[in-house]
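>>> the sequence and its predicted three-dimensional model are supplied below.
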Amino acid sequence: MIKRAEYLEQIRPFIGKDVVKVLTGMRRSGKSTLLEQISKELSSMGIAPENIILMNFESARFGHLLDSPMLFHKEIMQISKGKKGRLYLLFDEMQMVSSWEKVIGSLRVDLDCDIYITGSNANLLAGELATLLAGRYVSFEILPFSFLEIREALPELEQNEAFALFRTIGGLPFLSQIGFARNESLIYLSDIFNSIVLKDVAQRKGFRDIDQLERVLRYFISEIGTTFSVKNISNIFESEKRSVSRESIYNYLKAAEEAMLFSRVKRYDIRGREILRGNEKIYLTDIGLREALFGNNAARVDLILENIVFNELKRRGYHLTVGKNDTREIDFVARKGAATLYVQVTYLLAHEETVKREFGAFFGIGDNFPRLVISMDTVDFSQNGIRHMNIVEFLTSKHY
């Protein structure tokens, strides 16, 4: 088991504090394993095992609680009887329990407890929970393995070999259990995609035309890192004699975002300092899903590298937009607090025209925030105060 040290480090300062710890992430991104690691962390701190209560609501063992919040509350209160000291309540896939928000709010009042919950939905904190727990929760988005975690899982591989594997089949944690074997990994990834479509998107939202839903999501996944408009996508399907309304496309997109299958990134006018409407981009939470569906990540390595950089910047806490710099585009305007980082991603700086295009994208930006060009090149092309990094160096460096 790979220890998710990065997330444990983020969560550790909140252990024992009066805030609900909320872990969200795409299906099979490692939330359940992380919850188990939190349980072990609590034990290592000297907390009695009987005071650590872990429930995974995907287990039939807790099926009788899913539709009865009162029964769920009653069971926790019953478990707590006779126990001395604070209880540590760890609830996995919490969204499966109806009206769970009220139960969590009540348990905070009724017990001396420290609560941790996970869920496979970005809107876990929307609506009533946000009201009930205003100022009383902290959230963490759990992503699949980073490249550094892949290196830890596969120490026998040379670094470039490990990266070639990573950019092909991604980093869903279960793959480490089958040695990241290509054929078995692609079968697993295909099944994960189907599970997300059927359970986290269609079933949750009540979509009936599964074939249409899957076709639209496949289109988005095939075109990661390229700008899109719902109108253009509708026209593409219409030209193929497959009519899909703009409203349906928007609803499918929104539902897939909520299931954390991918992220939608808005465009930002750097000179006008405003968010622009339209021409957004989509990035996959795990690029292995694209390989499982289309088998051509190697053929679109430029888009894959861009997606990998997006996920790494997001993992490191940056808020990301696509930059518009006059008529030029900057792949990412990455913000964290008061700091900004401008990032360009390309496959290779093989020609002078490519060098001029990628480095020239930053021309005319009126601030002094750092600029970074990332590629597969091993030769350093840094120039005019703009840093160039090899992508493996980028993924393994603590600072840029």
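Now that the structure is in, tell me what you want to look at. All values reported here derive from a predicted model rather than from experimental measurement.

>>> domain map for the protein?
Residue ranges for each domain of the chain read 5-141, 147-396, as given by automatic domain parsing.

>>> got CSV for the ones you listed, with mean neighbour count and mean pLDDT too?
(C-beta placed from N, C-alpha, C; glycine too.) Conversion of the domains of the chain to CSV gives the following (neighbours: other Cβ atoms under 10 Å; pLDDT from 0 to 100):
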stretch, mean neighbour count, mean pLDDT
domain 5-141, 17, 92
domain 147-396, 17, 95
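
>>> helix, strand, or coil at Ile47?
coil (DSSP: H, G, I helix; E, B strand; the rest coil).

>>> that one against Tyr88, yeah?
Yes. Using Cβ atoms under 8 Å, Ile47 makes contact with Tyr88 at a distance of 6.3 Å.

>>> which residues of the stretch 251-400 of the chain fall in helices?
Remark: helices assigned in the stretch 251-400 of the chain by DSSP state H, counting those that start in this stretch are 288-294, 301-315, 352-360, 391-396.

>>> in CSV, list those along with distance to Asp377.
Written out in CSV, the entries for these read as follows (distance: least, Cβ to Cβ, whole Å):
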stretch, distance to Asp377
helix 288-294, 23
helix 301-315, 12
helix 352-360, 10
helix 391-396, 9
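
>>> what's the closest of those to Lys83?
Put simply, out of these the one that sits nearest Lys83 is helix 301-315, at 37.0 Å, with distance taken as Cβ to Cβ.

>>> and the contacts of the closest one?
The set of residues that contact helix 301-315 without belonging to it, under Cβ atoms under 8 Å, 6 or more residues apart in numbering, is 6, 141, 143, 146-147, 166-167, 224-226, 263, 265, 283-285, 287, 290, 297, 320, 331-332, 334, 341, 343, 345-347, 374-376, 391, 394-395.

>>> next helix or strand past the helix or strand containing Arg151?
Under the criterion DSSP states H and E, the helix or strand holding Arg151 is helix 147-153. Following helix 147-153 in sequence order, the next helix or strand is helix 159-169 (DSSP H and E).

>>> got the angle for that next one vs helix 301-315?
On the basis of axes from the mean of the first three to the mean of the last three Cα atoms, to 10 degrees, helix 159-169 is oriented at 90 degrees to helix 301-315.

>>> which secondary structure elements does helix 159-169 sit against?
In terms of contacts (3 or more Cβ pairs under 8 Å, 6 or more residues apart in numbering; DSSP states H and E), helix 159-169 is packed against helix 147-153, helix 182-195, helix 288-294, helix 301-315, helix 391-396.

>>> contact partners of that helix?
147, 150-151, 154, 157, 175, 180, 182, 185-186, 189, 287-288, 291-292, 297-298, 301, 304-305, 308, 391-392, 395-396.

>>> tell me the gap between stretch 75-87 and the middle of its chain.
Here the centre of stretch 75-87 is set off from its chain's centre by 34 Å, with Cα atoms, centre = their mean, to the nearest Å.
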